[in-house]
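Chemist: Sequence first, predicted coordinates after that:
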Amino acid sequence: MSTQILMPALSPTMEEGKLAKWLVKEGDAVKSGDILAEIETDKATMEFEAVDEGRIGKILVPEGTEGVKVNAPIAVLVGDGEDASAPVKAKSAPAEAAPVATKAAAAPVAQAASIKLEDPSLPEGTEFVTMTVREALRDAMAEEMRRDDTIFLMGEEVAQYHGAYKVSQGLLEEFGDKRVIDTPITEQGFAGLGVGAAFNGLKPIIEFMTWNFAMQAIDQIINSAAKTRYMSGGQMHSPIVFRGPNGPAARVGAQHSQDYSSWYAHVPGLKVISPYFAADAKALLKAAIRDPNPVVFLENEIVYGRSFPVPKIDDYVLPIGKARVVKPGKDVTLVAHSICVGLILEAAEALAKEGIDAELIDLRTLRPLDTDTVIESVKKPNRIVTVEQGWPICSIGSEIASQVVEKAFDWLDAPPTKVNGKDVPMPYAANLEKLALPTVDDVVAAVKAVCYRA
Amino acid sequence: MSEPTKVVVAGVNKPGATPNSVSLKTFYSDMLLIRRFEERAGQLYGMGLIGGFCHLYIGQEAVVVGMQANVAPQDQVITAYRDHGHMLACGMDPKGVMAELTGRSTGYSKGNGGSMHMFSSEKHFFGGHGIVGAQIPLGTGLAFADKYRNTGGVTLTYLGDGAANQGQVYESFNMAELWKLPVVYIIENNQYAMGTSVDRSSAQPQFFKRGASFNIPGEEVDGMDVEAVHAAGRKAIEYCRSGNGPMILEMKTYRYRGHSMSDPAKYRTREEVQTVREKRDPIEHLGQKLVSRGIATEDELKAIDKDIRLVVNTAAEFAIESPEPDLSELFTDVVA
């Protein structure tokens, strides 16, 4: 009986990939462990090995094909004496795996390209190019490093590996190993080293492979970086950027899936940025690198691969501390940051079908928090729903609710409402993980509640 | 803050020079300044003029005075919270240090830092850090920046025997040797991590060996003998400045007072302290040498003490008379 060879998932967030190269051809005999093909994931080019013995009966997906979905059949393996037309047995159970693979839904990716990002500072007729958030972040670092040779990038796998999530691609080649530095896996050590270097005239960009690992370094971020300007009476400061992916990725369990937004937003002496769109990622990372204060820059692994328009102008920098009104609306204010901006965009489409017109705010910066923009917005529809992946207690939404109640109490027609990640460590099981995170349905339900619609 | 005035000359020796009779006298007065300053700080604490935690350096003076006599203008210094002596040895103004201890606007941190958090960018003194062990990666980073910018600077990173057991020390050792960073790690082994003796806390009590698995050379030094400290420091700084990477110096020393002002020091006997005071005191020891070698007379030493008491009194008066920070300063210097 012949067996289908399926497109493998080779990273936790991979939904599709490029079949870069076949290393076998039709008719070749293969055995377990033979390398069949090279697959490009969202992070790296991986070799894909055979599990079963047999002969390559038919190649279904030619090399060079992009966007091959995980679990799509890519070749047929036949036994001796069989041909490719023999009955096919599926190798795994794609029907069961499907909900996981499509969890991050294609919708935000499709919707992204159509979003018109308003920026009054841009000249009339500015051209936009489409790029991924990953590329935008890389370009921001490269542009700043060209400007100022006191800037260096340091972290685990940032140099020769090009970043665990491919964010620093090409930087080692352009700037050399003096300025793009692989570290040992010692977060507390290299975070503190970065702060010391910042005290002494350099502008470090410290990459944490994920913010989960920065828990090992949080003392250096808060006690050493954030407080020194104050404790020294303004004599000494640390112009440093700590950056990396924040929040849940996919199926990596409790210790690797946590949103640190409110943790760092709590700390005086820090600036905290968490963008969604590529243009903001680029312009705000450039601003962060230039800022004389320690900046915590919270990225998102799932968002790295999303493409958005970025203005094609030299030196695009945005001010830290300004929220973006992504879309005006009259019935409810929806506030989010990072990946949840994608979620409220989806929710807004669903709500529009039910006649509810949502105003969407992307906070972009969490400290200083642009409460003015939020308050101004909520005074129109008189209702507000905040959406984030972080836990509900003392969350960004908690702070916004408090500010809104203090500053716009008389305008409110409904209680400010939060949609958060559930108050549990992240479960591993696909169905429970999905349940633990905010969904479009959660947002729609919260909006209907504040609009008193059934 | 008023322009720091250098009343007692610290660190005037030409870097790398063998101490001559002038510099030995300077060592004496520098150590005595720290001793008298700390005694006065202890007194002001008792009067309620200094608050919070206050960790005195009495007994350990030879370590910082001997080391700092070797530094060049481009070098950096960082330590933990038992830092008053380090600041004075860096040439910071005793008035500004005492005013910070009393939380006044004329203090080095304008009253925002206190005993454990003081800095001077002018004197390349990078703190003054209150978290045990945190200064070690920071000091390693200071050295990283000097190597990156090719300044020729060396960083003196001070830590205690307690901090030497922190994980981040070894993360720093690893990177410092891997990247050949110009940093001297000076482990001030005063034998007690707060109330826990080295024997009760350290599987390898010979701290100069702690860099062995990273190939970092280490040396044990009599930290009660300022000449021995000075000589060892000179060699170590030269080693680092020449691009060989880091080096470790373990200074065998002793603190006479408790860990902080609120520590009754029940973990050791009165006799133990008294024995060190009588037999190994760094200031007494050097004073006797100065006299026996004919470098100074007893009267000269008394005159030095008198001058220093005046400096310390002036600092204390300045600190007490200076105003507290204006209430409008609460939010100053949080971010730029």
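Modeler: Alright, I've got the coordinates.
Chemist: From now on I want contacts and neighbour counts done on CA atoms only, so please keep to that.
Modeler: Noted.
Chemist: Without its sequence neighbours, what residue ends up closest to the residue nearest in space to the middle of chain B?
Modeler: By C-alpha atoms, centre = their mean, the mean C-alpha position of chain B lies nearest to B:His86, the distance being 3.0 Å. Leaving aside its chain neighbours, B:His86 sits nearest to B:Val64 (6.0 Å; criterion: C-alpha to C-alpha, 6 or more residues apart in numbering or on different chains).
Chemist: Let me see the contact set for the residue nearest to the centre of chain B.
Modeler: B:64-65, B:79 (C-alpha atoms under 8 Å, 6 or more residues apart in numbering or on different chains).
Chemist: ok, now B:Ala145?
Modeler: A:196-198, A:200-202.
Chemist: Quick check: the residue in the stretch 251-400 of chain A positioned nearest to chain B vs A:Ile240, distance?
Modeler: Closest to chain B within the stretch 251-400 of chain A is A:Gly269: 5.1 Å, counting by C-alpha to the nearest C-alpha. Distance of A:Gly269 to A:Ile240, computed by C-alpha to C-alpha, to the nearest Å: 12 Å.
Chemist: where do the contact lists of those two overlap?
Modeler: Between them, A:Gly269 and A:Ile240 share the contacting residues A:293-294, judged by C-alpha under 8 Å, 6+ apart.
Chemist: neighbour count winner among the two?
Modeler: A:Ile240 (32 against 24; other C-alpha atoms under 10 Å in any protein chain shown).
Chemist: quick revisit: generate a ChimeraX selection restricted to the buried subset of the contacts of B:His86.
Modeler: The following ChimeraX line selects those of the contacts of B:His86 that are buried, judged by 16 or more other C-alpha atoms under 10 Å in any protein chain shown:
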select /B:64,65,79
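Chemist: quick one: which of the contacts of B:His86 is nearest chain A?
Modeler: B:Thr79 (12.2 Å).
Chemist: Setting aside sequence neighbours, what's the nearest residue to that closest one?
Modeler: B:Tyr158 (4.7 Å).
Chemist: pLDDT below threshold where in the stretch 151-300 of chain B?
Modeler: For the stretch 151-300 of chain B, no stretch is flagged by pLDDT under 70.
Chemist: Show me where it has its helices.
Modeler: All helices of the stretch 151-300 of chain B, identified by DSSP state H, counting those that start in this stretch, fall at B:167-178, B:198-201, B:226-241, B:270-280, B:282-292, B:298-321.
Chemist: out of those, nearest to chain A?
Modeler: If we rank the helices of the stretch 151-300 of chain B by C-alpha to the nearest C-alpha, the stretch that ends up nearest is helix B:167-178, at 5.2 Å.
Chemist: List the buried residues in that closest one.
Modeler: B:168-177.
Chemist: Also near chain A: which of those, exactly?
Modeler: Filtering the buried residues of helix B:167-178 for neighbours of chain A using C-alpha under 8 Å from any C-alpha of the partner chain leaves B:168-169, B:171-172, B:175.
Chemist: where does the stretch 101-250 of chain B come near chain A, residue by residue?
Modeler: Contact residues, the stretch 101-250 of chain B versus chain A (C-alpha under 8 Å from any C-alpha): B:108-113, B:117-121, B:126, B:131, B:134, B:136-146, B:148, B:168-169, B:171-172, B:175.
Chemist: Narrow those to those that are buried.
Modeler: Buried among these by 16+ other C-alpha under 10 Å: B:108-113, B:117-120, B:126, B:134, B:136-146, B:148, B:168-169, B:171-172, B:175.
Chemist: Could you tell me the end-to-end distance of stretch B:79-87?
Modeler: End-to-end for stretch B:79-87, by C-alpha to C-alpha: 10 Å.
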